[in-house]
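# sequence and computational prediction follow.
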Amino acid sequence: MIVLTTYAEVKDAFRSRLLRQALYDDGDRLMHGVIVNLHGDEHIARRRLENRLFRRDTFAWYERDRIPRIIDDTLREPIAIGRGDLVELARRTMMTLSIDVAGVDVAHERFDELYGLMDQLARASTVAHATGDRAATIERGDEALDAFDEQFFQPSLTRRAELLRRWTQGEIGEDHLPRDVLITLMRNQDRLELGPETMLREVAYFPWVGSHSTSAQLVHAMHHIFERLAAHPDDRDGLTHDDQLRQRFVHESMRLHPASPVAVRIALTDVTLRSGRTIAQGERVVLGIEEANRDPAVFGDGAGLFDPARPLPEDVAPWGLSFGHGTHACLGQELAGGIAPDEALEHHLLGSVALMAGKMLAFGARPDPNDPPVLDTTTTRVVWGRYPVLFAPSP
């Protein structure tokens, strides 16, 4: 097994089409045929299709019309009672957003049920990082997928099939069709030859990855913000109201805490990276994303420190390689992280993480001094398991 840790080599490996995705091989029952697990022409065809949905104008619509309402709905009760758990609030917000994107219909009273199923799917799909009984984790994931299929996916599929029928017969306009992954796949099912099991897994993938990966990044970002405010209380007003400043904090946190600390690839043939490193056919390659994002050659001598003001080379994203690179770069990276300010754009995308961070700061979010946060010990990924917070204007 080869381990890559420099920014240049990890980026080069991400770009290589001769290295196949292998991170989810242990969770193949849930991940087989899902876009993140595809390779070559099949991956390109699926990505081109879903790129029709994952466009900046769609993301801008979400930021203006959908995400603020989702955040308000999630935070209403915790703000009213003055406390909540940041991990749960983040997951509920990001799951509501991601099931919207995926195309899963759920009644309010059944949200907790879906929430639990997605938690099991997330753990089973990333079983390579589990610290407990992996076989049991996979079995629970299989059961969760079956339950999701029967209770949520099939009803969502049926409703969209009826909408498509009405649209094709001219009863409704295209603007009455949802903007989601499921209906995008349904409209192109014949061309891509997607079987029902593949479509099920693809739609299930978006809620769990969106709710867990993005929510973990939100909690990390808030932790860094809380640390800054503990040392500089006067910065609260700026971080609350200056969107671009807060976004820089989010991007720097994303750099230090990628959703997955590593990626894994398998060489389909002998490969030589630009550095001269050779990888033999069949060899397993670990891409150390977290280490690459802390490479002093790119991010300076203090690469491991949190510094939202750090200068970056022009060709380096502010979040480093946390969203991958090349053809396998995360489809939803701009929905989560937005983009760096660009005067040429009519709408500056802040991303869902910065939007929610701003809303919580506006209501005085701060760590509960009597109930400190704890890390999740069920995974080797460094994520928070609990993070109690209080709401109300700071004194």
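Arrived safely.
# how close does Thr5 get to Met360?
Distance, Thr5 to Met360, using Cβ to Cβ, to the nearest Å: 34 Å. No exception for glycine: its C-beta is placed from N, CA and C like everyone else's.
# now swap in Gly210 and tell me
With Cβ to Cβ as the criterion, Gly210 and Met360 are 19 Å apart.
# could you do Gly82 as well?
The spacing between Gly82 and Met360, counted by Cβ to Cβ, is 13 Å.
# now for those two: what residues contact both?
Taking Cβ atoms under 8 Å, 6 or more residues apart in numbering as the contact definition, Gly82 and Met360 share the neighbouring residues Phe391.
# which of the two has more neighbours?
Taking other Cβ atoms under 10 Å, Gly82 and Met360 do not tie; Met360 has more neighbours (26 against 12).
# list the contacts for that one?
The neighbourhood of Met360, defined by Cβ under 8 Å, 6+ apart, consists of Leu75, Leu89, Met222, Val389, Phe391.
# rerun that using 7 Å as the cut-off
Going by Cβ atoms under 7 Å, 6 or more residues apart in numbering, Met360 touches Leu75, Met222.
# beyond the helix or strand bottoming out on mean pLDDT in the chain, next helix or strand please.
Within the chain, confidence by mean pLDDT, DSSP states H and E is lowest for helix 189-192 among all helices and strands, at a mean of 72. Following helix 189-192 in sequence order, the next helix or strand is helix 196-231 (DSSP states H and E).
# which residues touch whichever helix or strand comes after that next one?
As assigned by DSSP H and E, the chain's next helix or strand after helix 196-231 is helix 236-241. Where contact means Cβ under 7 Å, 6+ apart, the residues beyond helix 236-241 that reach it are Ile225, Leu229, Leu245, Arg246, Phe249, Gly358, Leu361, Ala362, Ser394.
# now the buried members of those.
Ile225, Leu229, Arg246, Phe249, Gly358, Leu361 (16 or more other Cβ atoms under 10 Å).
# element containing the fifth one?
Taking DSSP H and E as the criterion, Gly358 maps to helix 352-362.
# looks like Ala340 contacts Glu314 (just checking).
No - Ala340 is beyond contact range of Glu314, at 10.9 Å (criterion: Cβ atoms under 7 Å).
# more neighbours: these two, which one.
For Ala340 and Glu314, the more surrounded residue by other Cβ under 10 Å is Ala340, and the numbers stand at 15 against 4.
# which non-adjacent residue is nearest that one?
Nearest in space to Ala340, with sequence neighbours left out and distances taken as Cβ to Cβ, 6 or more residues apart in numbering, is Pro318 at 5.9 Å.
# per-residue confidence at that neighbour?
pLDDT, the model's per-residue confidence, is 94 for Pro318.
# what's the answer for the one 10 residues further on, then?
Looking at His328, its pLDDT reads 84.
# cool, Arg29 as well?
Looking at Arg29, its pLDDT is 73.
# spatially, which residue comes closest to it, not counting chain neighbours?
Nearest in space to Arg29, with sequence neighbours left out and distances taken as Cβ to Cβ, 6+ apart, is Asp142 at 5.9 Å.
# the one you found belongs to a strand?
No - the secondary structure assignment for Asp142 gives helix rather than a strand, going by DSSP: H, G, I helix; E, B strand; the rest coil.
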